[in-house]
Structure formats: C-alpha cells, structure tokens
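> Please find the sequence and the predicted model below.
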Amino acid sequence: MTLTRYNAVRFNIGWLIALAVPVSYIIFGCLLGFDCLVRQTRKDGAWSVDAARLIFLGLPGFYFSFYLLRKPILPAWSLSQQFVAVAAVVLGYVLITSFYKR
C-alpha cells in the first residue's frame, strides 16, 4: 500500500471517529430523556412536537455539538471539549423530550 493511499484511509477513519464522539453524547442525552418518552407513550392522545423547544434549545445544541467538525466561525480554542459534550447531551435530551401527547 502506498503512503498516500494509507493516509487517505487514515483520514477517512479519523472523520468517522470525530463524528462518532458527538453522536455518542447525543445518544447518551437521549437515554437520559428516555424515561420521559416512556411516560408519554402511556398517556392517551395525539402526539405533538414542542417546536419552540426544538428551535431554541435543539438548534444551538446541534450547532455546538458539531462545531469542531466544520470550519468554525469562532476560534476553535474558544470552545472546550467539555462544552461540546454538554451541548451534545442537551441536544439528545431535547430531541427525545420534545415529543409529548396532549
């Protein structure tokens, strides 16, 4: 295997790992809110979505969860890994708890 081919394979795996980290935090946030979703499934009524919650909490959470994967507007050093992890957990929690029954 040539060196350039090895580096191309290595680069693709690096992006996969970089993408897996925020996704794992989002899944963790979904697991935290799963109990709320289970309680909602036991209720009678039609499903609804809290759009305001998704817009005002979910969109910023999504932006900062994947902030380090794209060309950032703010300097990358201004956001720590812990902030990105908290944003991803909040995003997962907001995603799972935004669905409710009336």
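Perfect, thanks for sending it. Residues are numbered from 1 along each chain as shown.

> what is the nearest residue to Lys43 once chain neighbours are set aside paired to in the beta sheet?
With C-beta to C-beta, 6 or more residues apart in numbering as the measure, Lys101 is the residue that lies nearest to Lys43, at 4.4 Å, once sequence neighbours are left out. Every residue, glycine included, has its C-beta placed from N, CA and C. Here Lys101 shows beta-bridge partners Trp47, assigned using DSSP bridges.

> thinking Lys101 is in contact with Arg39, fair?
No: between Lys101 and Arg39 there is no contact under C-beta atoms under 8 Å: 9.6 Å.

> Please compute how far stretch 57-68 lies from its chain's middle.
Its chain's C-alpha centre lies 7 Å from the corresponding centre of stretch 57-68 when counted by C-alpha atoms, centre = their mean, to the nearest Å.

> Only the buried residues of it, if you could.
Within stretch 57-68, the residues that count as buried by 16 or more other C-beta atoms under 10 Å are Leu57, Gly58, Gly61, Phe62, Phe64, Ser65, Phe66, Tyr67.

> Same check on stretch 88-101?
Applying a neighbour-count criterion of 16+ other C-beta under 10 Å, one finds 88-100 buried in stretch 88-101.

> ok, and what's touching it?
Counting contacts by C-beta atoms under 8 Å, 6 or more residues apart in numbering, the residues outside stretch 88-101 that touch it are 22-23, 25-34, 36-37, 40-41, 43-50, 53-54, 57-58, 61-62, 64-65.
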